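Engineer: One predicted model, sequence on top.
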Amino acid sequence: MLSSLLRTLRGRLPRRFVVADRSMEPTLVAGQGLIAVPVRGAGAGQLRCVEHPARPGFWLVKRVERVDGDQMTVTSDNDDAPTVDSATFGPVPIAGSYRVVIRIPHRLM
């Protein structure tokens, strides 16, 4: 019963992420912290944390480019850095993603 409750809560609580690369510069920098919350809908321009479709447990932070039904196309901000986004793996589901609501300055990490 307790484990079921914890699984239910995990999908509704804010989550902390840390930016690991340069793909979202200048908006986000490597080492910067993020607080994100699960939200049902997505909108173009939002920063979202999404699980990589081919690597369960590996999370990416990307910008929503387009929403189509229950899926979204996500992109990187930095065209000069090697990136992995919807150009590589296609649209991703909105369900299970997190919307970035707080960007923690790098100097505070």
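Structural biologist: Done, it's in. Numbers count the residues shown, from 1 in each chain.
Engineer: Would you point out which residue is most central in the protein?
Structural biologist: Cys49 (0.9 Å; Cα atoms, centre = their mean).
Engineer: secondary structure class for it?
Structural biologist: Secondary structure, DSSP: H, G, I helix; E, B strand; the rest coil: Cys49 is strand.
Engineer: Next: Ala87.
Structural biologist: helix.
Engineer: do Ala20 as well
Structural biologist: coil.
Engineer: That one touches Val29, doesn't it?
Structural biologist: No: contact between Ala20 and Val29 fails when scored by Cβ atoms under 8 Å: they sit 10.6 Å apart. (C-beta placed from N, C-alpha, C; glycine too.)
Engineer: Need the residues touching each of the two.
Structural biologist: Shared contacts of Ala20 and Val29 (Cβ atoms under 8 Å, 6 or more residues apart in numbering): none.
Engineer: Can you report how many residues lie near Asp80?
Structural biologist: Neighbour count of Asp80, defined by other Cβ atoms under 10 Å: 9.
Engineer: typed the wrong thing, it's Val92
Structural biologist: The burial count for Val92: 23, using other Cβ under 10 Å.
Engineer: out of everything not next to it in sequence, what's closest to it?
Structural biologist: Val50 (5.0 Å; Cβ to Cβ, 6 or more residues apart in numbering).
Engineer: circling back: surely the residue nearest to the centre of the chain is in contact with Ala36?
Structural biologist: Yes: counting by Cβ under 8 Å, Cys49 does reach Ala36; the two are 4.9 Å apart.
Engineer: overlap in contacts of those two?
Structural biologist: Arg15, Phe17, Tyr98, Val100.
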